[in-house]
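Peer 1: Sequence first, then the predicted structure, then my questions.
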Amino acid sequence: MLIWVDCTAAAHPLVLSPLIEGLVERGHQVRVTARAYGQTEGILERLAIPYSLFGAHAGAGGVGKAVALASRSASLARWAGRVRPAVGLAHGSVDLAVVGAIRRIPTVQMQDYEFAGSQRKIAWRLARTVIVPDSIPLDRLAAAGAVESKLLRYPGLKEDYYLAGFEPDRAVLADLGLGAHRIGPDRSADDRVLIVVRPPPESSAYHADNPLYGGLIERLAAEPRAVAVVIARTDRQRSEIVERADPRLIAPAEAIDAQSLIAYADLVISAGGTMNREAVALGIPVYTIFSGRMGAVDEQLIADGKLLTVTDPGAIRFEKRPSGPAAHPGRDAASLIDAVLAAAR
């Protein structure tokens, strides 16, 4: 069976990698398409996942998004007509949803955030199966287009599945030049506080103005023990860090092994979602500075004390962790793979 997987943002190759691997292990053929956006291509290449590139992100404007959707979907529809996939799989790709409807390809959509606007509703309403965490209430899912009859609700976090068996790779520290700051694999041997920062998703529909991020960067620049790796989403975000010429603020130009970096970090501060939950899964202290409407997954993590909220960057405590790099036992993705194959039937 030929399965089509569409990746439209940097988190998607990671999220979908255990399903891709499991489908191939079961003897199926997988064809991956991608959109040029952020580090999506770099992460696919780092994971050694072959892909075909279609289109690019159109930025924050509604008109631009509509034009980009129409153009990319048309290209993908022609491609899908040639390769004839039996089922399509994505993590919120509205392009895959539209092409699936045009070509009568059943689609499966994963997602763990229920408030992403009209594109989410399109993808969920057109999907045959929607795979979501069981912490999202049914009424919120139904309002977004995912009625109960099409749901597969899984326990835990999506990060639990792709971090199964994860062991951090110390090479990420050398790749980022952290040795110049006396930061090495034995974190007990240095006095630095290593912080991973993820800026806001400025071009996403669910983004709201986020003054906390700018204040956070100023706070980091003033903290002598802090070394921060800012994993930018856009060229503009990276340029803003580079132009400061502060050696303790590092903005990688290429996709990095962010999960290993998080495992060695003392603290994660993110205005998004995936890195927050990766930190939770790996047992790393994490603050959210997300400015949009909080989804049920993060609401539960906050209630459980696993995800910290902050309204003033000055209140964040920069402290070293007492333990070494974290590992993660993970969860088996077999039930998610079963759902994809069932949708094809």
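Peer 2: Looks like it arrived, so ask away.
Peer 1: pLDDT on stretch 283-295, on average?
Peer 2: For stretch 283-295, mean pLDDT is 92.
Peer 1: Least confident secondary structure element in the protein?
Peer 2: Using mean pLDDT, DSSP states H and E, helix 62-83 stands out as the lowest-scoring helix or strand of the chain, at a mean of 84.
Peer 1: can you list the weak-confidence ranges in this protein?
Peer 2: 57-65, 202-209 (pLDDT under 70).
Peer 1: can you pull out the helices in it?
Peer 2: 11-25, 40-46, 62-83, 94-103, 118-126, 138-143, 158-162, 171-175, 211-221, 235-242, 258-264, 274-282, 296-303, 334-344 (DSSP state H).
Peer 1: mind checking how far the nearest residue to residue 186 once chain neighbours are set aside is from residue 263?
Peer 2: Once flanking residues are discounted, residue 186 sits nearest to residue 324: 7.8 Å by Cβ to Cβ, 6 or more residues apart in numbering. (Glycine included, C-beta is placed from N, CA and C.) Residue 324 sits at a distance of 9 Å from residue 263 (criterion: Cβ to Cβ, to the nearest Å).
Peer 1: In terms of neighbours, single out the busier of these two.
Peer 2: residue 263 (26 against 13; other Cβ atoms under 10 Å).
Peer 1: Tell me who's in contact with the residue nearest to that one when sequence neighbours are not counted.
Peer 2: Of all residues not flanking residue 263 in the chain, residue 168 sits nearest, at 3.7 Å (Cβ to Cβ, 6+ apart). Listed by Cβ atoms under 8 Å, 6 or more residues apart in numbering, the contact set of residue 168 reads 259, 260, 263, 264, 325, 326, 327.
Peer 1: Ramachandran angles for residue 168?
Peer 2: phi -70, psi 140 (degrees, to the nearest 10).
Peer 1: hang on, residue 190 packs against residue 178?
Peer 2: No: applying Cβ atoms under 8 Å, one finds residue 190 not in contact with residue 178, separated by 9.3 Å.
Peer 1: Contacts only, for residue 197.
Peer 2: With contact set as Cβ under 8 Å, 6+ apart, residue 197 has these partners: 216, 217, 220, 228, 229, 230, 231, 268, 269, 270.
Peer 1: Number of residues surrounding residue 102?
Peer 2: By other Cβ under 10 Å, 14 other residues sit near residue 102.
Peer 1: measure it to residue 126 for me?
Peer 2: 10 Å.
Peer 1: do residue 224 as well
Peer 2: Taking Cβ to Cβ, one finds residue 224 at 53 Å from residue 126.
Peer 1: wait, residue 342 sits on residue 129?
Peer 2: Yes: here residue 342 reaches residue 129: they are 7.2 Å apart, a contact under Cβ under 8 Å.
Peer 1: Comparing these two, which residue is more hemmed in?
Peer 2: More crowded of residue 342 and residue 129, by other Cβ under 10 Å: residue 129, with 22 against 14.
Peer 1: Can you tell me how far the more buried one is from residue 69?
Peer 2: 22 Å.
Peer 1: And for residue 200?
Peer 2: Counting by Cβ to Cβ - residue 200 and residue 69 are separated by 22 Å.
Peer 1: Neighbour count: the two, which is higher?
Peer 2: More neighbours surround residue 200 than the other of residue 200 and residue 69, with 23 against 17 (other Cβ under 10 Å).
Peer 1: For the nearest residue to residue 147 once chain neighbours are set aside, give me its contacts.
Peer 2: Nearest non-adjacent residue to residue 147, counting by Cβ to Cβ, 6+ apart: residue 141, 7.8 Å away. For residue 141, the contact set (Cβ under 8 Å, 6+ apart) comprises 114, 124, 130, 132, 147, 148, 151.
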